[in-house]
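with the input below, show me the fold.
(chains A and B)
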There are 2 protein chains.
Amino acid sequence: MTTPLFQPIGVVRTPFTDVVGMPIQPAYAEDARGVVEVVPAYQAGLRDLAGFERIWLIYVLHAANDAKLVVTPFRDTQPRGIFATRAPCRPNPIGLSCVRLLAVHATHLEIAEVDMLDNTPVLDIKPYVPVYDAFPGVRAGWFDAQAADRRRADARFT
Amino acid sequence: MTTPLFQPIGVVRTPFTDVVGMPIQPAYAEDARGVVEVVPAYQAGLRDLAGFERIWLIYVLHAANDAKLVVTPFRDTQPRGIFATRAPCRPNPIGLSCVRLLAVHATHLEIAEVDMLDNTPVLDIKPYVPVYDAFPGVRAGWFDAQAADRRRADARFT
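Numbering: from 1, shown residues only, chains lettered A, B, ... in the order given. Have a look, this model is predicted:
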């Protein structure tokens, strides 16, 4: 199988320098703002983004611990398979967050609802397209019956 | 910046051996079924996935051409910045698809609404969680006013 080497296209600047206390998902980070600083060579790729209300960031979970296959996630009290969670200590530590796009400048994006550490390396930016991405009301396994209501991270995965 | 090296956790087997004619998104691939074959070492990570109706696949767009910063996407007639499209010829050729999960077996997942080539290397599997991922009705820039209604790929990016 291929083992591709990716190069970050930029970094996210956020208010979070420590995992502990950081929102665990954009849905719990309404007030948190950040900036995606894109490598100037990729400036032309940001064209036409301004009309989108939300974007996907695909990024490196650069502070995550070594991978574990079974974890007790922030929002539960039971151990779960890593691929059934959004926990960071994954075989490939890749993060996925749907953030709100506030403004597009030449080589940086102002965003809100950020849930990542300061200086997080960004691998890709994609537009959020409801017809491709929005499935409200689908069944979500243990999330639907979750026992914990934790919305901020602790040190368990770092 | 870090340049992480990722190792595929498995491959997707699909009916599509040629990009031309392949659905460009899961939303246009209702009848297409596939199988995610996970490397046996990661079997424990699939635990608890069965309760989820949909999953995210993050994968390598392994047949994509060299990156372009401005492209005319399948669903438009105008050139757009690559990060405002889901086109495959991205600086980091990473794909993101929300597929329907039909069944979970020891080391493979039966899925529907597949829009990727046969033998696509998978980097990560995440559960689809509506509260994190579903934003119906948000503005989607040029998609909202798109001129083309193409739902199948042609050879423009490969």
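
CA atoms for contacts and neighbours, from now on please.
OK.

so what pairs up with the spatially most central residue of chain A in the strands?
Centroid-nearest residue in chain A, with CA atoms, centre = their mean: residue A:97, separated by 3.2 Å. Here residue A:97 sits in beta bridges with residue A:57, going by DSSP bridges.

start to end distance for stretch A:134-149?
Counting by CA to CA, to the nearest Å, you get 23 Å between the two ends of stretch A:134-149.

scratch that, stretch A:10-28 is what I was asking about
End-to-end distance (CA to CA), stretch A:10-28: 24 Å.

go through it and flag the buried ones.
By neighbour count on 16 or more other CA atoms under 10 Å in any protein chain shown, the buried set for stretch A:10-28 is A:10-16, A:19, A:22-28.

next one: stretch A:75-95
Neighbour counts over stretch A:75-95 (16+ other CA under 10 Å) mark A:75-76, A:80-95 as buried.

figure out how far it is from the centre of its chain.
Mean-position distance between stretch A:75-95 and its chain equals 13 Å (CA atoms, centre = their mean, to the nearest Å).

right, is that stretch up against chain B?
Yes - Stretch A:75-95 lies within reach of chain B by CA under 8 Å from any CA of the partner chain, at A:80-86, A:91-92, A:94.

what distance separates the start and the end of that stretch?
17 Å.

what average pLDDT does it get?
What stretch A:75-95 shows for mean pLDDT is 94.

swap in stretch A:48-56?
On average, stretch A:48-56 scores 97.

near chain B, anything from it?
Yes - using CA under 8 Å from any CA, we find that stretch A:48-56 touches chain B at A:48-54.

neighbours of residue A:31, how many?
Counted with other CA atoms under 10 Å in any protein chain shown, residues neighbouring residue A:31 total 9.

next, give phi and psi for residue A:155.
phi -90, psi 10 (degrees, to the nearest 10).

that one contacts residue A:18, doesn't it?
No - between residue A:155 and residue A:18 there is no contact under CA atoms under 8 Å: 9.2 Å.

so which of the buried residues of stretch A:75-95 belong to strands?
A:80-81, A:94-95 (DSSP state E).

ok, for residue A:34, nearest residue in space, not its chain neighbours?
Excluding its sequence neighbours, the residue lying closest to residue A:34 (CA to CA, 6 or more residues apart in numbering or on different chains) is residue A:14, at 4.5 Å.

so which bits of the helix or strand bottoming out on mean pLDDT in chain A are buried?
Lowest on mean pLDDT, DSSP states H and E among the helices and strands of chain A sits helix A:141-144, with a mean of 91. By 16+ other CA under 10 Å, the buried positions in helix A:141-144 come out as A:141-143.

adding distance to chain B, write those out as a markdown table.
Converted to a markdown table, the buried residues of helix A:141-144 look like this (distance: CA to the nearest CA, whole Å):
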| residue | distance to chain B |
| --- | --- |
| A:141 | 4 |
| A:142 | 7 |
| A:143 | 8 |
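
closest one of these to residue B:107?
Top of the list for closeness to residue B:107, among those and by CA to CA, is residue A:141 at 18.8 Å.

and that closest one, what does it touch?
B:48-53 (CA atoms under 8 Å, 6 or more residues apart in numbering or on different chains).

by neighbours, which of those wins?
residue B:49 (26 neighbours).

that one touches residue A:81, doesn't it?
Yes - counting by CA under 8 Å, residue B:49 touches residue A:81, with 7.4 Å between them.

now do the SS call for residue A:27.
helix (DSSP: H, G, I helix; E, B strand; the rest coil).

what about chain A, any weak spots by pLDDT?
A:1-3, A:147-148 (pLDDT under 70).

which residues in chain A form strands?
A:10-13, A:33-38, A:54-60, A:70-71, A:80-81, A:94-104, A:108-112, A:120-127.
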